[in-house]
Every structure is written in structure tokens, then in C-alpha cells.
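Chemist: what follows is a predicted structure for the sequence shown.
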Amino acid sequence: NAGVTQTPKFQVLKTGQSMTLQCAQDMNHEYMSWYRQDPGMGLRLIHYSVGAGITDQGEVPNGYNVSRSTTEDFPLRLLSAAPSQTSVYFCASRGTGQGGELFFGEGSRLTVL
Amino acid sequence: AQSVTQLDSQVPVFEEAPVELRCNYSSSVSVYLFWYVQYPNQGLQLLLKYLSGSTLVKGINGFEAEFNKSQTSFHLRKPSVHISDTAEYFCAVTINNAGNMLTFGGGTRLMVKP
């Protein structure tokens, strides 16, 4: 009963380094998304995907890339990390229909020095 | 574009007391509204949602919320809180039939004291 799985849970990077946050879901959901959570700002949408091969930008896409080659996986790439990207990142998925429940992973805490 | 304002960043309350967490949204078109809860070091879980129909929505753990279109509000209530309700609560809105952007408020930390 895995649901949405994110790895790694914690990561420390130096400015300029690159990394990929992994997200996988086993619920056959078409919709997947990445959010970042910062104190007092709630969750802000970075990128989302409505199916394999389809991605779109959210509210704060700069500095992040995504791809969706399979229904199950939706990795988030930081090409050149900056201290402003220090945050907690959440992957979420849902089935078809905007009124559906979002299922969240447990989060990935990223610190950029 | 839609937006969400949670008016209180923290709400301290004693156990067994009632609580209301306030949420106001801004949108010129019809919306879907949600409340999510986040326990420490976990992801978010859905508490309840309003899509259409009855304006009083009941969710899990004894929570309920009322959609008020004229006041553009969706306040969350519980008549008697428990220590285990201590968590952060997020209100969220999406414009129905217009895309996939779910916008969250800044969150309200509910602190239940014994």
C-alpha cells in the first residue's frame, strides 16, 4: 500500500550542484504534481503533469525541470541549486477530475548551502 | 487567478473547546474548495472538500466546513478538539473546469493544549 513515494527524504547541496528528487506512485493516477512548502507561504505549485509525455508549469517553475516518461514516475530536477531553493518538496497525485483528492508523499527536505 | 487567505497563522485552544479556522478565497468564477491537514513530518491529507450542492460539508475526524459564496469563505470548525488535532491546516481552492492549478493558503497551526 505504498501510495506516493519520494526519495530522498533529506538532502544537502552546495550552490550550483544539480540533483533529482524522485517521485513514484502506484495508484495509476494520471495527474502528478510538485509543490514546495515554505513557512507562512503554504504550498506553491512548481510543475504538474496530466499524463505521460505532458507537463506544464505551475506558480513557481523557475530553476526546476520535470519530465513524465511513464505514468508512475515524475522526477523533479534542479539543474543548478540556489539557496532560495532550500525548502520542503512534496509530490502529489490524483485520479481524473479536478475535484479528486490529492495524495501526497511524505516530503523531501532540501538544504542548499 | 484564484487566491486563498487564511486569516490566522496560529490558533491556540484548550482541549475539548470548539475551534474555527478561517479561510477566505478570491475568484471571479465557480470554485472547488478543500481543507487539508498536515501532521508533523508528514505529507498532507484531505479533511473535506466542497464541489457543489449542500454548503455544509462534513469531513473526517469530526471536522466540518461551510461554504459561503457571498462572503467568499470556507471556514473549518470542530465542536470539541482533542490533543491529537494538533497539526497544520491548509485551505485550498481550484477553479472548476479551468485547469489543474490547486492554490493553497499559508496554513494555520492549530495548537491544542491540555
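Modeler: Nice, I can see it. Numbers count the residues shown, from 1 in each chain, chains lettered A, B, ... in the order given.
Chemist: quick one: B:Leu33 and chain A, what's the gap?
Modeler: 10 Å (Cβ to the nearest Cβ, to the nearest Å). Where C-beta positions appear, they are placed from N, C-alpha and C, glycine not excepted.
Chemist: can you give me the pLDDT of whatever residue of chain B ends up closest to chain A?
Modeler: Closest residue of chain B to chain A, Cβ to the nearest Cβ: B:Gly43 (3.2 Å). In this model, B:Gly43 is scored at 88, pLDDT.
Chemist: for A:Ser18, which non-adjacent residue is closest in space?
Modeler: Nearest residue to A:Ser18 in three dimensions, chain neighbours excluded: A:Leu79, at 5.3 Å (Cβ to Cβ, 6 or more residues apart in numbering or on different chains).
Chemist: could you report the neighbour count for the one you found?
Modeler: When counting by other Cβ atoms under 10 Å in any protein chain shown, one arrives at 12 neighbours for A:Leu79.
Chemist: got a list of what it touches?
Modeler: Applying Cβ atoms under 8 Å, 6 or more residues apart in numbering or on different chains to A:Leu79 gives the contacts A:18, A:63, A:65.
Chemist: contacting residues for the residue of chain B closest to chain A?
Modeler: B:Gly43 neighbours (Cβ under 8 Å, 6+ apart): A:4, A:90, A:92, A:104-107.
Chemist: mind running it again at 7 Å?
Modeler: A:90, A:104-107 (Cβ atoms under 7 Å, 6 or more residues apart in numbering or on different chains).
Chemist: separate out the buried members of the residues you listed.
Modeler: A:90, A:104-105, A:107 (16 or more other Cβ atoms under 10 Å in any protein chain shown).
Chemist: make TSV out of those and add distance to A:Val12.
Modeler: Formatted as TSV, the buried ones among the contacts of B:Gly43 follow (distance: Cβ to Cβ, whole Å):
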residue	distance to A:Val12
A:Phe90	19
A:Phe104	23
A:Gly105	19
A:Gly107	15
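Chemist: columns distance to chain B and secondary structure on top of those residues, output as JSON lines?
Modeler: Shown next, in JSON lines, are those (distance: Cβ to the nearest Cβ, whole Å; DSSP: H, G, I helix; E, B strand; the rest coil):
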{"residue": "A:Phe90", "distance to chain B": "6", "secondary structure": "strand"}
{"residue": "A:Phe104", "distance to chain B": "3", "secondary structure": "strand"}
{"residue": "A:Gly105", "distance to chain B": "5", "secondary structure": "coil"}
{"residue": "A:Gly107", "distance to chain B": "6", "secondary structure": "coil"}
